[in-house]
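**Student:** A predicted structure for the sequence below; I have some questions about it.
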Amino acid sequence: MKGFAMLGIGRVGWIEKDKPVCGPLDALVEPIAVSPCTSDIHTVWEGAIGDRHDMILGHEAVGRVVEVGSLVKDFKPGDRVIVPAITPDWASLQAQGGYSMHSGGMLAGWKFSNFKDGVFGELFHVNEADGNLAKLPDSLDPAAAVMLSDMVPTGLHGVELADVQFGDTVCVIGIGPVGLMSVAGAAIRGASRLFAVGSRPNCVALAKEYGATDIINYRDGDIVKQVMELTKGQGVDRVIIAGGDNDTFAQAIDMLKPGGRIGNVNYLGSGDFVKIPRVEWGCGMGHKTIAGGLMPGGRLRMEKLASLMETGRLDPGKMLTHRFEGFENMEKALMLMKDKPKDLIKPVVII
């Protein structure tokens, strides 16, 4: 079969591979629509998870089941499915402890284009199909539904990690696709004043549409100073980090109230350390909590998030700015994520 792969750090291209083997609990799926992610860029060009050779890329897809194992109960060939980016091993001790995304080791629930070939192939393998696939509702556009694989659950997980409550003042740092879903999720969760940090006009406009009350443009000066001025020196109750770099944590600590909480879902692709400012962290005693997490996977979560789309509570399709028809355009879509032109939010490839 054909796939678009990471050939090594800084190198991508088309390769031929053997068809994956379907185990008794598993499924083989052909993609209907896929989308490249900034994580793919970190993986290939920053070597963020180490060198990978001839590994098919991609972890965002909706598809059609081609084959199921003998023990799969709820899916059959021909079913259209949502495929989450994180596909845990549900019998693992980590899953039983409530951290399925780390089943088998830290981040090990993230299998596509990490430990095994991803979804940018003519076929891809899904472990534990009954636990990791969800039916794609007929009413949902497959292109928009691809956002359920990663952008929606990751953005909303940032809201969960920050533990946004009714009436909280919240700041979302970074309003790319994940940050936009954090803005939408914080609004759904009941945030009152909702700051969104970003500068690209289309992202700013969409952040407002998703519920941001204030835009903080880092090009206009220090974002902490802007937030503190707008809150009359009080700061915010919750910060969600969905962009930036290792130094962004210091800014989040600076703008956070004592007793506040930071939820980080930003993939830090380089550097050895994250710096936390000592005094602003209350000399270690400020009750300023930092929680960082990989999005949960699983069928139940996918079904619940799909229901947000079905009922009109959330429309992630608004983030799709570039559509390509045909598998051969996979490289064009990936390079868009690398180059990030001003009009880009999220590309999708319809196959």
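**Tutor:** Great, that's in hand.

**Student:** Counting by contacts, list what the lowest-mean-pLDDT helix or strand in the chain packs against.
**Tutor:** Using mean pLDDT, DSSP states H and E, helix 38-45 stands out as the lowest-scoring helix or strand of the chain, at a mean of 91. Helix 38-45 sits against helix 330-339, with contacts defined as 3 or more Cβ pairs under 8 Å, 6 or more residues apart in numbering; DSSP states H and E. (C-beta placed from N, C-alpha, C; glycine too.)

**Student:** By neighbour count, which bits of the helix it packs on are buried? Give me those.
**Tutor:** Applying a neighbour-count criterion of 16 or more other Cβ atoms under 10 Å, one finds M330, A333, L334, L336, M337 buried in helix 330-339.

**Student:** Check stretch 89-102 too.
**Tutor:** D89, W90, S92, Q94, A95, Y99, S100, M101, H102.

**Student:** got it, and stretch 40-50?
**Tutor:** Buried residues in stretch 40-50 (16+ other Cβ under 10 Å): D40, I41, H42, T43, V44, G47, I49.

**Student:** Just name the closest of those residues to D163, please.
**Tutor:** Proximity of those to D163 (Cβ to Cβ) peaks at H42, which lies at 26.7 Å.

**Student:** ok, now how distant is that closest one from P24?
**Tutor:** 34 Å (Cβ to Cβ, to the nearest Å).

**Student:** Could you check how far D51 is from A333?
**Tutor:** Counting by Cβ to Cβ, the gap from D51 to A333 is 24 Å.

**Student:** now G105
**Tutor:** The separation that G105 has from A333, given Cβ to Cβ, amounts to 31 Å.

**Student:** now G259
**Tutor:** Counting by Cβ to Cβ, the gap from G259 to A333 is 43 Å.

**Student:** for N266, same thing?
**Tutor:** Distance from N266 to A333, by Cβ to Cβ: 22 Å.

**Student:** ditto for M106
**Tutor:** Distance from M106 to A333, by Cβ to Cβ: 29 Å.

**Student:** Equivalent analysis for L256, please.
**Tutor:** In terms of Cβ to Cβ, L256 sits 36 Å off from A333.

**Student:** now G284
**Tutor:** Applying Cβ to Cβ to G284 and A333 gives a distance of 45 Å.

**Student:** just for the protein, where's the confidence low?
**Tutor:** Of all residues in the chain, none has pLDDT under 70.

**Student:** Could you pull out the helices in it for me?
**Tutor:** Applying DSSP state H to the chain gives helices spanning 38-45, 93-96, 129-132, 142-145, 151-162, 177-189, 201-210, 223-230, 248-255, 299-310, 330-339.

**Student:** how far does the third one sit from the chain's center?
**Tutor:** Right, helix 129-132. 19 Å (Cα atoms, centre = their mean, to the nearest Å).

**Student:** Which secondary structure elements does that helix sit against?
**Tutor:** Using 3+ Cβ pairs under 8 Å, 6+ apart: helix 129-132 touches helix 299-310.

**Student:** So what pairs up with V34 in the strands?
**Tutor:** Legend: beta-bridge partners of V34 under DSSP bridges are A61, V349.

**Student:** who's in contact with it?
**Tutor:** Contacts for V34 (Cβ atoms under 8 Å, 6 or more residues apart in numbering) come out as G58, E60, A61, V119, F120, V146, M330, V348, V349, I351.

**Student:** Can you tell me how far it is from I350?
**Tutor:** 9 Å.

**Student:** Could you do M285 as well?
**Tutor:** Distance from M285 to I350, by Cβ to Cβ: 53 Å.

**Student:** Pick out whichever of the two has more residues nearby.
**Tutor:** I350 (17 against 8; other Cβ atoms under 10 Å).

**Student:** nearest to M1, of the helices of the chain?
**Tutor:** When the helices of the chain are ranked by proximity to M1 (Cβ to Cβ), helix 330-339 comes first, at 13.7 Å.

**Student:** Just checking the distance from the closest one to the centre of its chain.
**Tutor:** Using Cα atoms, centre = their mean, the offset of helix 330-339 from its chain centre is 17 Å.

**Student:** what's that helix packed up against?
**Tutor:** Going by 3+ Cβ pairs under 8 Å, 6+ apart, helix 330-339 lies up against strand 2-8, helix 38-45, strand 320-325, strand 346-350.

**Student:** Out of those, which one sits most buried?
**Tutor:** strand 346-350 (a mean of 24; mean count of other Cβ atoms under 10 Å).

**Student:** What is that strand packed up against?
**Tutor:** Strand 346-350 packs on strand 27-34, helix 142-145, strand 320-325, helix 330-339, going by 3+ Cβ pairs under 8 Å, 6+ apart.

**Student:** Can I get these in CSV including distance to V12?
**Tutor:** Below are the helices and strands packed on strand 346-350 laid out as CSV (distance: least, Cβ to Cβ, whole Å):
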stretch, distance to V12
strand 27-34, 15
helix 142-145, 23
strand 320-325, 16
helix 330-339, 7
